[in-house]
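In: Quick one, what's the 3D model for this:
(chains A and B)
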Amino acid sequence: MKIERELMRGAGPVAVLKLLAGGAKYGYELVEALSVQTDGVLAMGQSTLYPMLYNLEAQGLIVAHWAAAPSGRDRKYYSLTASGQKRLVHDTEQWRSVVQALQTLGVIPAASRLALQWEAT
Amino acid sequence: MTHEPPIGHNPYPLQSGLARLGEAQERQAREFVETVVRQTRLWRRERNEVLMELFHHFDDGADAGQDVDQLIKDFGPPHIAARLIRSAKIRNRSWKWHAWHRAFQISAATVCLMLGCLLFLVARMHLATLGPPTDLVGQFDQANSSIAMTDRGWPEYREGLILFDRTLFIETRESPGLLLTGVPTDPHWDRLVKYLDGNAKSLDLFVQASQRPRLGYIYRDPSNDAWLRLAGSRTSAETYPVNVPRFWILLPQIQELNIVRMLLNSAARVALERKNGPEFLRFWRAQFGLGQQIHAESEFRCVDAYGRASILDAFALMRRIVTEHSELLSDEQLALFRSDLDLVTGETKRKTVPELRSSFEQLLQRSYTPEADYGGRLTAVGSRALCGYLTFDLSVDFPDESIRRTALRPAQEAVQLSSNWNQYESPRNVKEAVNQELIALRWSATLANRRELRLEMDRLLALLQVELDQPLTVSQDFASSAYRQELQRLVASPDQLRRYWPLFLILPGKVSHDFEQAEEIFMMAREATLTTVALEQYRRRTGKWPEHLVDLVPVDLPHVPRDVFTGRPLIYRVVAGQPLLYSVWGNHQDDGGKTLPSQVFGYGPRDGDFRYLPVD
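Out: Numbering: from 1, shown residues only, chains lettered A, B, ... in the order given. The predicted structure is shown next:
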């Protein structure tokens, strides 16, 4: 299912921050993770991902560094900063409120709550 | 903050996964990434960093088993990627760069705005065109063309002026006034007598011309051309082109008629010296008639002054002959003098304010579009005309017009062109042309429009009119006048000065009552001259001078002559057997009849008294 651009603009950054909360990742790794872990719902092209990473970096939410991969090649890794951690907590709260509101209205069935448990850890 | 790759680092991985897909696919990926990065138009360092990261991304994809076509497809549109990457990377730049960039943007916007305003002003000024001009010369000519030829004196004056021998002035390099105002004791007197005898035909023509009821001068009459060339002027067609709005009008006939006046006056005085009463009377009446003609026809204050001067000159001559050479005049001739004096009417013509308004209308017409066009805008032609007017005025000293000088200084400083720039009202070189354009732009942005200028002019002229209407019996304290105070207020405000300075090209900085009130002084001179004749008639009848002026009433005078400065009778007494008659003049004080040398016909300083008898 393809997500609308405006919805993706709000969900994309928090999804990336959440993935980076699990440890530093490079660009292709993030693309793959978004695609696989969300069954393609939040999959985004690199033309969207890299500008998003640069914007998060400009906001001080993530930081990048070059490091050698096990294969011996250099890769640019992104990791969460303290500000990024705070923003992730804040955005998670926001999204939870949105989901609860939508459940209250019946837009999202209550069973879907289980599917959202992944973000709690 | 991004940790940059080591300096000299190869942006492409040495152990590329893409290389394993073959050279063609590696080149395809490389070209795609380079295309995206090139389109970002970022700094070189930023481009290298993005290039390396994106290529690694493709390399990782190849390692994961994807081919290049699929990776390119997943990447998305390159131009969108380039745009998003550029904006995101720019956000990552330092705050110093952002501050400089914002300052540059503001400066550029300001410059663009100013350029836009400049272009607007240039377009507005150069698209503005003058309205249809009023043909002032044509109006004058139309009025005089209706005068019958037999009533016009000018053709005979002109003929006399053509015949008139001008070589004496050229040879001796003396002004006509110096020679023609001589007295019998002057070393030039004999030459003057000889000269007048040699120009008898011209004098006869002048006498004939003076007997016509009107002067009837036509500015655009081609018949004047021969005389104009002799007088050192251009032809009438060159001097008065049709449909050209003007600030000014050349009056060559007045200068020449002033010479006629002096010639007739000299001829009368020579006749007096020769004790030839009838000849004196002939030339005296001619001078008097010339003065009447000019006085009746003049549209300008300065011309009126010439007409009055001619008549006042004749009055003084009459007083002299009546008191000093009465034996030359019969009772009938005395009566004839009185009848001539009766021709002088007491009509008062107020010309100052109408003339100022007319001059201002000419200025507006030469400078602005009609009022219907957004109130009347300054034109490029008008700016050149104003520049010409200002550079002309720069060469003129206004010793008593401090307000005017103060008012014009900003505009004069703005002009700063050569002093003879105005000769043809066009710039002489590139620098002046550029200066003129810049000045025009500045003026067009700050000057009031035509309607606003006229309203302000009308307001100030109304104040001036009140000032000029003050009777002579009231002390003239111009320093405290409302008109002067209003001028000072305008001059003191830089904003008002910038908006209304063209008014000061026309408005007098110092009110001169001389022209406006000269009519009353002129009529007082007539009364004094009439009194002189009456005194002589009384003396002939009784054998003595009267003790008081009231003794002349009612037999010799209908009423006692009044001093316009006091409202009381002129001061009269008999001193050493001769009558003394004078006005207390502008200072309203009796100074014993002492006339200052600078007193000429009521113009100039008004200190001291003005003595009518005995004649100086």
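
In: So which residues of chain A form helices?
Out: Counting by DSSP state H, chain A has helices at residues A:5-20, A:27-37, A:46-58, A:82-104, A:112-115.

In: and the third one, which residues are buried?
Out: Going back to what we said before, that points to helix A:46-58. By 16 or more other Cβ atoms under 10 Å in any protein chain shown, the buried positions in helix A:46-58 come out as A:46-58. Bear in mind the C-beta positions are built from the backbone N, C-alpha and C, glycine included.

In: Which SSE is immediately downstream of the one helix or strand B:Arg38 maps to?
Out: Assigned by DSSP states H and E, B:Arg38 belongs to helix B:23-40. Beyond helix B:23-40 on the C-terminal side, the first helix or strand identified by DSSP H and E is helix B:44-63.

In: residues in contact with the helix holding B:Arg38?
Out: B:12, B:16, B:18-19, B:46-47, B:50-51, B:54-55, B:58, B:62, B:67-68, B:71-72, B:75, B:78-79, B:81-83, B:85-86, B:89 (Cβ atoms under 8 Å, 6 or more residues apart in numbering or on different chains).

In: from the chain's centre, how far out does it sit?
Out: 76 Å (Cα atoms, centre = their mean, to the nearest Å).

In: Restrict it to CA atoms and write it as PDB.
Out: The C-alpha trace of helix B:23-40 is given here as PDB (Å, rounded to 0.1, in the frame of the first residue of the first chain):
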ATOM      1  CA  GLU B  23      31.800  -2.300 -16.400                       C
ATOM      2  CA  ALA B  24      28.600  -1.100 -18.300                       C
ATOM      3  CA  GLN B  25      26.400  -1.300 -15.200                       C
ATOM      4  CA  GLU B  26      29.000   0.400 -13.000                       C
ATOM      5  CA  ARG B  27      29.300   3.200 -15.600                       C
ATOM      6  CA  GLN B  28      25.500   3.500 -15.700                       C
ATOM      7  CA  ALA B  29      25.300   3.800 -11.900                       C
ATOM      8  CA  ARG B  30      28.200   6.200 -11.800                       C
ATOM      9  CA  GLU B  31      26.700   8.500 -14.500                       C
ATOM     10  CA  PHE B  32      23.300   8.500 -12.800                       C
ATOM     11  CA  VAL B  33      24.800   9.400  -9.400                       C
ATOM     12  CA  GLU B  34      27.000  12.100 -11.000                       C
ATOM     13  CA  THR B  35      23.900  13.500 -12.800                       C
ATOM     14  CA  VAL B  36      22.000  13.800  -9.500                       C
ATOM     15  CA  VAL B  37      25.000  15.300  -7.700                       C
ATOM     16  CA  ARG B  38      25.700  17.800 -10.600                       C
ATOM     17  CA  GLN B  39      22.100  19.000 -10.500                       C
ATOM     18  CA  THR B  40      22.400  19.800  -6.700                       C
END
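
In: would B:Pro579 count as being in a helix?
Out: No - counting by DSSP: H, G, I helix; E, B strand; the rest coil, B:Pro579 is not part of a helix but strand.

In: count of neighbours near A:Arg9?
Out: The local packing of A:Arg9 (other Cβ atoms under 10 Å in any protein chain shown) involves 12 other residues.
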